[in-house]
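S.K.: Make a model of this:
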Amino acid sequence: MMSFAFYLIICVFVFGYICIALEYPLKINKAATALLMCAVLWTIFAMSGMGAMTPDFANGLTEESFHDFLSTNIVHHLGETGETVFFLLGAMTIVEVVDRWGGFRVITDRINATSKVELLWILGVLAFFLSAILDNLTTTIMMCTLLNKLIPEKHDRWFFASMIVIAANAGGAWTPIGDVTTIMLWIAGKVSALNIMQMTVLPSVVSILVPFAILSYTLRGGHITAHTEEVVDDSPASRVPDHQRKIVLCLGVGVLICVPIFKSITHLPPYIGILGALGIVWMVTELMRPKDPAERNYHSLKLSHILRRVDLSSIIFFLGILMAVGVLQVCGHLSMLANSLDGIALAEPYKYFTIDTIIGVLSSIVDNVPLVAGTMGMYDFPIDHYFWEMLAYCAGTGGSILIIGSAAGVAAMGIEKIDFIWYFKHITWIAFIGYIAGALFYIGQYMVIN
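M.R.: Residues are numbered from 1 along each chain as shown. This is a model prediction of the structure:
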């Protein structure tokens, strides 16, 4: 029978998880909750000793060796977590530099569609491929900002912002750098860059093709009402010369694409590549100085200034939640949960397909980062196993089912003030159809190949 400390760890984690899910109603940043939960869980583990562990995991430990075991595991999990945190910090900074220099405007300023169907496909395709290179959160923020210039009517903006969320989440699921969950799987050695792209790109495409095809039929004949007033843009990016915007865009996208290639050639951790890429972007933008260094616009474009705009609270959240999940892994909680799920009365591979699909649906309710982190601790399948491939797809696209189910959805909700109930009534069903269509396509694809 398990000790009180074993169950206390579960209760603290579940309570912290609920607080993270209810971040907006509680008005408590989820990063604060994650950090506190991490500290409390490791403290309970340290104070309770082997009593907080399952018998299998505590086997062979003594009171004298426990403290060395604890220290070793803290350092081990901090190292694994640090790889993800430093990678995200570098990638987010590079994307912020491109945005601040107006690089994305090279693409978005060329959108001038008036048909709803045409605009749907332009925004969807653009969001899908941009999120594969950048990330789904940045892509959604950028595209939603564009909507304010294109569409004056509120509910039309809500609709197109929701479609951007679906397309961005699908696009982020099929590359190793497009979504936090795929980044985690890639850095942990669960998937390789080329394989995850080959095996999940078509399911991801299907997950937006099906809903977009349905909507193309329902939206036929609809037109966008243009703004009657000219929108004045006085941001620093508006004063950047067009050739410099293009240079920064090509540079930022280029170095991000090269990071997986760098890892494949050198076999070094991805965060080494992303930090080197950040150094290149930093040096080039420092050299792109105006004739008058005191010019106000240049100061706001310096990377030292842009660093203040990076979403550090998200970085801290990843640190806290991944370290908290580490306690569950060391104590044996995740192993017990994996054994319970293995009791599903289905033969392989359908059992694990079902588990992945359930995790994807759950990711629309709770944050997919701890879900994937926990799942990685539950199973020990080899690299590029079908379980990890489908998990990348499901965790990435499943968050589109509800507006609160992904960072991209939460960003769109904040920018456009999208109502949760409105999204549930009008978008959830179409996102769910796309999610299931993509999952079924992956299963069919696997059966054909194997």
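
S.K.: residue ranges with poor pLDDT in the chain?
M.R.: Along the chain, segments meeting pLDDT under 70 span 1-2, 113, 221-238, 289-298, 366-367.

S.K.: Whatever helix or strand residue 164 lives in - contacts with which helices or strands?
M.R.: According to DSSP states H and E, residue 164 maps onto helix 154-172. Contacts defined by 3 or more Cβ pairs under 8 Å, 6 or more residues apart in numbering; DSSP states H and E place helix 154-172 against helix 116-133, helix 136-150, helix 193-218, helix 386-397, helix 407-416, helix 420-426, helix 428-449. Any C-beta I mention is one placed from the backbone N, CA and C, and that applies to glycine too.

S.K.: and the second one, what other elements does it pack with?
M.R.: This points to helix 136-150. By 3+ Cβ pairs under 8 Å, 6+ apart, helix 136-150 packs against helix 63-100, helix 105-108, helix 116-133, helix 154-172, helix 407-416.

S.K.: quick one, which of those helices is nearest to residue 189?
M.R.: Closest approach to residue 189 among the helices and strands packed on helix 136-150 (Cβ to Cβ): helix 63-100, 10.2 Å.

S.K.: Pull out the buried positions in the closest one.
M.R.: 66, 69-70, 73-74, 77, 80-81, 83-100 (16 or more other Cβ atoms under 10 Å).

S.K.: likewise stretch 381-393?
M.R.: Buried residues in stretch 381-393, defined by neighbour count with 16+ other Cβ under 10 Å: 384-393.

S.K.: give the contact list for residue 185.
M.R.: 176, 191, 196, 372, 376, 388, 391-392 (Cβ atoms under 8 Å, 6 or more residues apart in numbering).

S.K.: hmm, I was thinking of residue 176
M.R.: By Cβ under 8 Å, 6+ apart, the residues touching residue 176 are 182-183, 185-186, 191, 193, 196-197, 260, 270.

S.K.: Of those - the most surrounded one?
M.R.: Most neighbours among these, by other Cβ atoms under 10 Å: residue 182, with 30 neighbours.

S.K.: how close does that residue sit to residue 84?
M.R.: Noted for residue 182: a distance of 11 Å to residue 84, by Cβ to Cβ, to the nearest Å.

S.K.: what's the answer for residue 176, then?
M.R.: Relative to residue 84, residue 176 is positioned 12 Å away (Cβ to Cβ).

S.K.: which residues are in contact with both of those two?
M.R.: residue 183.

S.K.: Residue 94 contacts residue 252, correct?
M.R.: Yes - at 5.3 Å, residue 94 and residue 252 qualify as touching, with contact defined as Cβ atoms under 8 Å.

S.K.: Name the residues contacting each of these two.
M.R.: What both residue 94 and residue 252 touch, as defined by Cβ under 8 Å, 6+ apart, is the set residue 281.

S.K.: what's the closest non-adjacent residue to residue 101?
M.R.: residue 248 (4.2 Å; Cβ to Cβ, 6 or more residues apart in numbering).

S.K.: Would you check that that neighbour makes contact with residue 97?
M.R.: Yes - look at residue 248 against residue 97 with Cβ under 8 Å: they come within range, at 6.8 Å.

S.K.: Overlap of the contact sets of these two?
M.R.: Jointly contacting residue 248 and residue 97 under the rule Cβ under 8 Å, 6+ apart are 281, 285.

S.K.: Tell me the residue in the chain that is farthest from the middle.
M.R.: Centroid-distance maximum for the chain: residue 64 at 41.1 Å, with Cα atoms, centre = their mean.

S.K.: burial measure for residue 8, as a count.
M.R.: For residue 8, the neighbour count with other Cβ under 10 Å is 15.

S.K.: And the helices in the stretch 201-350 of the chain, which stretches?
M.R.: With helices called from DSSP state H, counting those that start in this stretch, the stretch 201-350 of the chain shows them at 242-266, 270-287, 296-301, 303-306, 312-331, 333-341, 350-362.

S.K.: winner for burial among those?
M.R.: helix 312-331 (a mean of 22; mean count of other Cβ atoms under 10 Å).

S.K.: coming back round to it: among the contacts of residue 176, which pair sits farthest apart?
M.R.: Once Cβ to Cβ is applied, the contacts of residue 176 give 197 and 270 as the farthest pair, at 14.7 Å.

S.K.: ok, the closest residue in space to residue 432 that isn't next to it in sequence - contacts?
M.R.: Nearest non-adjacent residue to residue 432, counting by Cβ to Cβ, 6+ apart: residue 401, 5.3 Å away. Contact analysis of residue 401 by Cβ under 8 Å, 6+ apart lists 361, 364, 428, 431-432, 435.

S.K.: could I get those as TSV with distance to residue 322?
M.R.: Below are the contacts of residue 401 laid out as TSV (distance: Cβ to Cβ, whole Å):
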residue	distance to residue 322
361	22
364	21
428	29
431	27
432	29
435	25
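
S.K.: of those residues, closest to residue 21?
M.R.: Of all the contacts of residue 401, residue 364 has the smallest distance to residue 21: 11.1 Å, by Cβ to Cβ.

S.K.: Tell me the backbone dihedrals of the closest one, please.
M.R.: phi -80, psi -10 (degrees, to the nearest 10).

S.K.: measure it to residue 164 for me?
M.R.: Applying Cβ to Cβ to residue 364 and residue 164 gives a distance of 17 Å.

S.K.: So the two - more neighbours on which side?
M.R.: Ranked by neighbour count (other Cβ under 10 Å), residue 364 and residue 164 place residue 164 first, with 32 against 22.

S.K.: what does stretch 153-161 rub up against?
M.R.: Here stretch 153-161 has contacts from 116, 119-120, 123, 140, 143-144, 147-148, 151, 224-225, 412, 415-416, 418-419, 422-423, 426-427, using Cβ under 8 Å, 6+ apart.

S.K.: chain center to that stretch: distance?
M.R.: 23 Å (Cα atoms, centre = their mean, to the nearest Å).

S.K.: Output that stretch as PDB - backbone C-alpha positions only.
M.R.: Coordinates of each C-alpha in stretch 153-161 appear next as PDB, following Å, rounded to 0.1, in the frame of the first residue of the first chain:
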ATOM      1  CA  GLU A 153     -16.800  43.300 -38.500                       C
ATOM      2  CA  LYS A 154     -16.300  41.600 -35.100                       C
ATOM      3  CA  HIS A 155     -17.800  38.200 -35.700                       C
ATOM      4  CA  ASP A 156     -16.100  37.800 -39.100                       C
ATOM      5  CA  ARG A 157     -12.800  38.500 -37.400                       C
ATOM      6  CA  TRP A 158     -13.700  35.900 -34.700                       C
ATOM      7  CA  PHE A 159     -14.400  33.300 -37.400                       C
ATOM      8  CA  PHE A 160     -11.100  33.900 -39.400                       C
ATOM      9  CA  ALA A 161      -9.100  34.100 -36.200                       C
END
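
S.K.: Report the buried residues of it.
M.R.: In stretch 153-161, counting by 16+ other Cβ under 10 Å, buried: 156-161.
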